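Chemist: build me a model from this:
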Amino acid sequence: MTAPTVTQVRANERVDFSVRVHGSGPGLLYLHGFGGLACGDFLDLLGRSHTVYAPEMPGVGGSTGLDEVRSTWELALAYHDLLQLLDLPEVAVVGHSVGGMIAAELAALWPSSVNRLALVSPMGLFVESSPGDDPFALLPTEWCQFFADQDSTVARRFADPDGSIDERVTLLVDRATAAEAAAKFLFPIPDRGLSRRLYRVTAPTLLAAGGLDTFVPAGVVEAFRSGIPHAQVSTVPEAGHMLPLEEPVQLSKILDAFLGSVVPARHPAAEGGARA
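Modeler: Below is the predicted model:
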């Protein structure tokens, strides 16, 4: 497999995206969660069967324009503009964490642009009886709490990266800015109306969840499943919130099976239900 490349794309007058590209095959848009694109091994696994386009969120790494994006609508619009510029009029979308929220918004606002939707530990809904832990209460050095096994090597390196002092500072700053960008659209209440738009999702949808995820607990996963009635759920029992880092091989197998399965008919948007 060839090494990933990085390209800069000006999506619109507000947002410039830095996009990492892995692998070859049908196009796939990957939207990262907390910590930015720290999941290179996982993206390489997806890249065995797809060309993976992985933009950094505005305000993270080489992507700019966070201050100019005023709402989740404008955020989703920037990603939709990016798809048009990448010549991806219809594409599979995988989103993790806050990226799951953005992926769901794309699929709800522009149903014909998304042919498969995979939401991995997605944020973006609030369930009063199952609110989950507050990710914004953590310092980046405490981000091992996103993992089921907080003492694992991957969890410890995520919170305290290897490398020189300068390299470690750069990584921690990147992860802190990823949290800051997420907070703009998730804090203090994560649901900015997404629950009222999920009925519009017509793409075959998979929800992948960690059984020990305290940030997106089972009640939130169920809210997504009931909001997208045709969605299926796959749970990795011993994983936490960081599935792409905790269980990259298992998650990639789950996604490969979903993305490579026989294409079912699109599900029509519900006749009833709340409107945006």
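
Chemist: for stretch 147-158, C-alpha coordinates in CSV please.
Modeler: Extracted as CSV, the C-alpha positions of stretch 147-158 are listed here (Å, rounded to 0.1, in the frame of the first residue of the first chain):
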residue,chain,number,x,y,z
PHE,A,147,-10.5,3.8,26.6
ALA,A,148,-11.9,0.7,28.3
ASP,A,149,-8.5,-0.3,29.5
GLN,A,150,-7.0,2.9,30.7
ASP,A,151,-3.7,1.3,31.5
SER,A,152,-3.2,-0.1,28.0
THR,A,153,-0.2,1.1,25.9
VAL,A,154,-2.5,2.7,23.3
ALA,A,155,-4.4,4.6,26.0
ARG,A,156,-1.3,5.8,27.8
ARG,A,157,0.3,6.9,24.6
PHE,A,158,-2.8,8.7,23.5
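
Chemist: buried residues in that stretch, which are they?
Modeler: By neighbour count, with 16 or more other Cβ atoms under 10 Å as the criterion, the buried positions of stretch 147-158 are 147-148, 154-155, 158. In short, each C-beta sits where N, CA and C put it, glycine included.

Chemist: P248: which of the residues you listed is nearest?
Modeler: Checking the buried residues of stretch 147-158 against P248 by Cβ to Cβ gives V154 as the nearest, at 9.3 Å.

Chemist: residue contacts, the nearest residue to that closest one once chain neighbours are set aside?
Modeler: Closest residue to V154 in three dimensions, ignoring its sequence neighbours and counting by Cβ to Cβ, 6 or more residues apart in numbering: L245, at 5.4 Å. Counting by Cβ atoms under 8 Å, 6 or more residues apart in numbering, L245 touches 35, 38-39, 42, 147, 154, 158.

Chemist: same thing but 7 Å
Modeler: With contacts defined as Cβ atoms under 7 Å, 6 or more residues apart in numbering, the neighbours of L245 are 38-39, 154, 158.

Chemist: per-residue confidence for it?
Modeler: We have a pLDDT of 96 for L245.

Chemist: how much space separates it from A38?
Modeler: Separation of L245 from A38 (Cβ to Cβ, to the nearest Å): 7 Å.

Chemist: overlap of the contact sets of these two?
Modeler: Taking Cβ under 7 Å, 6+ apart as the contact rule, L245 and A38 both touch F158.

Chemist: quick one: pLDDT of the residue nearest to G59 when sequence neighbours are not counted?
Modeler: Taking Cβ to Cβ, 6+ apart as the measure, G59 lies nearest to L66, with 3.0 Å between them; neighbours along the chain are not counted. Per-residue pLDDT puts L66 at 96.
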